[in-house]
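Q: I'll drop the sequence and a predicted model, then ask my questions.
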Amino acid sequence: MAPWRSSSRTSWARLAAEARPGSSSASRESSSFSCGMGTFAAESRLWCSAPVQSSTAGQTGPMPLRHAKPPAGRRRSTRMRDEVTGRHGGTGLGASARQLRAMFSQAAVGIAIVDERGRVLDANDKACAMLGYGADELRGKTVLELTHPDDVERTREQIARLIQHEVTSYTIEKRYVRRDGSATWSNTTVTLLRGLPGQGHQFFGILQPLDDRRQNEEMRNRLAAVVNSSDDAIITKTLDGIITTWNPAAERMYGYRADEAIGRPVMMLIPEDHAEEEPAILQRLRRGEHVDHYETVRRRRDGTLIHVSLSVSPLRDGTGRVIGASKIARDITRQKQHEAALRDADRRKDEFLATLAHELRNPLAPIRQAAALAGAPGASEEQKRWGHEVIARQVRHMSALLDDLLDIARITRGSFDLRPASTTLGAIVDAALETARPTIEARRHSLRVDLEHREAELVGDPLRLSQVLSNLLTNAAKYTDPGGNIAVRGNAGDTQVELAVIDDGIGIAPEMLPEVFGMFTQVKSARARSDGGLGIGLALARGLAELHGGSIEARSEGPGRGSEFIVRIPRRLPDASTQAETPAAPAADSASRTVLIADDNEDAAQTLAMLLEVFGHRVAVAHDGEQALRCFEQMRPEFALLDIGMPGMDGYEVARRIRALGRPVTLVALTGWGQATDKARAMQAGFDRHFTKPVDPDRIVELLATH
């Protein structure tokens, strides 16, 4: 404080000097001040209007403390102070002076007398306690030295007004710096005691503590700031359900301004089918109970419904009586939407797995029968050829299913590589028609092609571009009743080509349009009318189009009104940076894991690997123990699925050697042996889990997703 203390004293002295009486004409000026016990007057006498008994007349009233002929010399200000405080030992004061001194010392407010330089001449016990100093320590300190730096200028301005006769006293809420460096608030009233001729001014101050009030105000302000900045709606209401406060988050959540909500019943926010909730909540509040995290539905001003989580607490008055309620409402609409989306994704995944199992089983019956026919002793050559054709056809069907699965898995992982080449719009359409025509003709559909700019050139992956269109054509053929109509339209602009596939099939409900390109999605009404499929054709088409920097749009006027799918593809592939930014199709499960599969049954290992790749996992396959250890060293997988019965080094030994490496991994035993002793032996070898063959793929998928 030293840098500002010295200048403050100078300013105070200068202000006091400017206002000091300079001639005898000022000797009769009077000044009064209130000290909480009477009125002092400084004229030629000093009076106290406290009700004291006169020792001579027996009357009660203002009593002269002494005739105040101006004393001379340096003791004048000290004598004046002594007259006020009763320190002077003269016989003119006697008991009254001592009484006045006691009142000064024991007053419930702080009292201080300050000279014209701002130095403390005297202070009572309360003032010393407020400032943390002893009386002797406090004397000689300046008011500005004791004032908090942030309040110095305001204090100096008020003193200037006082000395320059603009006011006779002033009151200010300010902070003082206590001896320990802490700040204390005071409501300070200062009155100027004008000096007699040749005598300096003095100041009389009354300090009323404000710390408790200020702390309460600061607490209220902090609480108000929290309420106003909260993302949750914070509302108070009476026990009759009338809204009394409404924070900004409530405005955002419910759409009502504070002036529109306050004074109205909270029932305006509650839908009719939830009307019984509010009386039940109010009844619990009247009993002093709390309502915690109650999830329900409320209505916004615009009529839309939102999901909210409510926590309601009773408000009590000073006697503990419940007088209202405070409610915190959190908008959980997005959370509920995410939960519903997760449930829907899980349902669609289950449906997909069931469909996949069905689609993979279907070819097995004709393959088994054709194989038996081909090996039958009495089979003719024609029958054998027919059997071979059936096997080849069903294998192609299974291969196509697996290819689609692998393609969508690669797109999901972002590992799909295009093979760009120059091609034409006509070439893409012709290749797609060649693929889809058998399905179209089998269902006796009429096909019309209206293609402008057949020779328009574009750069892309010709095979994948034709696959986009053939998937759309096949989809149209499957979901249009036999004998329907399908049209292909195409044209080329300066920067992109546009292809549309239009049918008069079953159509799409408006609410399903945003969903048709999702993984594992099939319209319910369409599922029973199609002739199979995994429900990934449109997702694959969209993924391939987006890899080319293009898009697919679905349109339909509703069920029974047909559908239109529009593909837009740039005539030039985007550069690498653009491709990297192109969003891929969403994964069925975003938690990709590294998995080692070791099984001497190559078919079993490869099919399990392909299944896990479909779910976005990175998989390595080994067919014996030594190869499994080498793969483990190179890959360092998170999971190892080990067949127990591998020749040479069995799964138990592989598990023991992996554990000896000390690397974290989840080991899963896959075996046909399922007795309790087999499971115990697997655990002893270091396995974490034991699955008995044939293993339900769902169990493995779930294990990878949850560990």
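A: Perfect, I can see it now.
Q: what residues are up against S422?
A: E457, L458, V459 (Cβ atoms under 8 Å, 6 or more residues apart in numbering). Every residue, glycine included, has its C-beta placed from N, CA and C.
Q: are any of those buried, and which?
A: L458 (16 or more other Cβ atoms under 10 Å).
Q: specify which member of the contacts of S422 is nearest to G507.
A: L458 (30.9 Å; Cβ to Cβ).
Q: identify the residues contacting whichever strand or helix holds the closest one?
A: Element membership for L458 (DSSP states H and E) is strand 457-460. With contact meaning Cβ under 8 Å, 6+ apart, strand 457-460 is reached by 418, 420-425, 492, 497, 548, 569-573.
Q: hang on, the earlier thing: quick one: which of the contacts of S422 is nearest A261?
A: Lowest distance from A261 to the contacts of S422 (Cβ to Cβ) belongs to L458, with 58.6 Å.
Q: residue ranges with poor pLDDT in the stretch 101-250 of the chain?
A: 195-199, 211-212, 214-216 (pLDDT under 70).
Q: for A325, see how far away L611 is.
A: 55 Å (Cβ to Cβ, to the nearest Å).
Q: more neighbours, the two?
A: Comparing L611 with A325 by other Cβ atoms under 10 Å, the one with more neighbours is A325, at 24 against 19.
Q: how about the backbone phi and psi for that one?
A: As for A325, its main-chain torsions (degrees, to the nearest 10) stand at phi -150, psi 150.
Q: quick one, what contacts it?
A: Here A325 is in contact with T236, K237, T238, L239, I281, L282, L285, V312, S313, P314, L315 (Cβ under 8 Å, 6+ apart).
Q: if we use 7 Å, what do you get?
A: T236, K237, L285, V312, S313, P314, L315 (Cβ atoms under 7 Å, 6 or more residues apart in numbering).
Q: can you tell me the helix or strand for the closest residue to it other than its chain neighbours?
A: Distance criterion Cβ to Cβ, 6 or more residues apart in numbering; nearest residue to A325, sequence neighbours excluded, is L285 at 4.8 Å. Per DSSP H and E, L285 falls inside helix 277-286.
Q: how many neighbours does R419 have?
A: R419 has 9 nearby residues by other Cβ under 10 Å.
Q: so it touches P462, yeah?
A: No: when contacts are counted by Cβ atoms under 7 Å, R419 is not listed as touching P462 (8.3 Å).
Q: separation between E546 and P570?
A: In terms of Cβ to Cβ, E546 sits 11 Å off from P570.
Q: returning to what we had before: of all the contacts of strand 457-460, which comes closest to H338?
A: Looking across the contacts of strand 457-460 and measuring by Cβ to Cβ, the closest to H338 is H548, at 30.8 Å.
Q: burial count for that closest one?
A: 25.
Q: that one is in contact with I569, isn't it?
A: Yes: H548 is in contact with I569 according to Cβ under 7 Å; the separation is 5.3 Å.
Q: spit out the residues that contact the two alike.
A: G460, L465.
Q: pull out the buried residues from the top helix by length along the chain.
A: Criterion DSSP state H: the longest helix present in the chain is helix 381-413. By 16+ other Cβ under 10 Å, the buried positions in helix 381-413 come out as 387, 390-391, 394, 397-398, 401-402, 404-405, 407-412.
Q: that's a helix at Q335, yeah?
A: Yes: counting by DSSP: H, G, I helix; E, B strand; the rest coil, Q335 is part of a helix.
Q: on that earlier part again, identify, from the buried residues of helix 381-413, the entry nearest to A183.
A: When the buried residues of helix 381-413 are compared against A183 (criterion: Cβ to Cβ), the nearest one is T412, at 62.5 Å.
Q: where's the closest one relative to N221, distance?
A: Distance of T412 to N221, computed by Cβ to Cβ: 53 Å.
Q: no more questions from me, cheers.
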